[in-house]
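> Give me a 3D structure for the following:
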Amino acid sequence: MTLLQSILLGIIQGVTEFLPISSSAHLVLTPHLFGWNIQEQDAFVFDVLVQVATLVAVIAYFWDDLYKITIAFLRGLWRRQPFADDNARMGWLLILATVPAGVVYLLFSDAFKQAFGSPLATSLFLFGTAILLLIAERLGKRERDYADIRWTDAVIVGLFQALAIFPGISRSGATITGGMIRNLSRPSAARFSFLISLPVMLAAGLVGVIELVALPNTVSQLPIFLPGFITAAIVGYISIRWLIRFLNHRPLYLFSIYCVVFGLINLGLLVS
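Numbering: from 1, shown residues only. Next up, the predicted model:
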């Protein structure tokens, strides 16, 4: 991997991790589109680092929310009143929404890994993201706010999050869809989507870092990877801010169209 590739892929990760257009699809398909011959080990190390970078972006943007949720959650456990506070309740909802993705990953991790190595499968899954976004707009009544999220909402959004273990299915797109079909407003669904990404991204980051440490020559490659890490974190923060503002006034159709076009372009290149 070159320095330019690292920076460009960092930008792509920062944008696509939070916009509902599938970051995994872009990380799989971009090297294929440009004919970049990136070694498998380098690709793995870089993917781990940029995932951690976007985790940093979420923490930075939602710092106040996370601080209040964490303090209330711990205080509720200490006082043996775990659901007495709205923020403490939200902490439990975030945990509950994380469980389905963890279970699905453990059951289907081999299929996930095979799909991640297939540009064809990734391109086809992009159409799945497009369909999910259309469903969100057609079925969602957008009557409820973030403060109204209930246990059933968390379970359903968590099940939608489990779909995103496959490359091409956008995690944010799937979870925003889950929230909107529960009649959450677009900004409320997006906010919950980003917050529930934290446990999954943290777990994936920890596993990835443990595997990364065991690899040889990782330290020598850091000067190449770090610019991509920094770029992904900065662009990710900007993307979260932009998307929440966008969804205050605009529907998801634009992202659905993008997924279809991007998928078709890649399918065309694959069969040509």
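> just to confirm, which helix or strand has Lys141 in it?
Using DSSP states H and E, Lys141 sits in no helix or strand.
> burial measure for it, as a count.
11 (other Cβ atoms under 10 Å). All C-beta atoms are positioned from the backbone trio N, CA, C, and that covers glycine.
> distance of it from Gly268?
Taking Cβ to Cβ, to the nearest Å as the measure, Lys141 falls 37 Å from Gly268.
> What average pLDDT does stretch 31-42 get?
Averaged over stretch 31-42, pLDDT sits at 76.
> Can we start the residue count at 41 from this point?
From this message on, residue numbering opens at 41, which makes the last subject stretch 71-82.
> I'd say Gly168 and Gly208 touch.
Yes. With contacts counted by Cβ atoms under 8 Å, Gly168 reaches Gly208, the gap being 6.6 Å.
> Between those two, tell me which one has more neighbours.
Gly208 (29 against 20).
> Three-state assignment for the nearest residue to the more buried one once chain neighbours are set aside, please.
Nearest non-adjacent residue to Gly208, counting by Cβ to Cβ, 6 or more residues apart in numbering: Phe165, 2.5 Å away. Under DSSP: H, G, I helix; E, B strand; the rest coil, Phe165 falls in the helix class.
> quick one: low-confidence parts of this protein?
Along the chain, the model assigns pLDDT under 70 to residues 80-82, 84, 148-157, 248, 251-260.
> again, only this time at 50
Residue ranges of the chain with pLDDT under 50: none are present.
> what about the helices in it?
For the chain, the helices defined by DSSP state H occupy 43-56, 63-74, 80-101, 103-118, 126-156, 159-179, 191-203, 211-221, 226-253, 258-287, 293-311.
> Out of the ones you listed, which one sits most buried?
Among the helices of the chain, helix 211-221 has the highest mean neighbour count (mean count of other Cβ atoms under 10 Å), at a mean of 28.
> and the angle for that one with helix 258-287?
Interaxial angle of helix 211-221 relative to helix 258-287 (axes from the mean of the first three to the mean of the last three Cα atoms, to 10 degrees): 30 degrees.
> Thanks a lot, see you next time.
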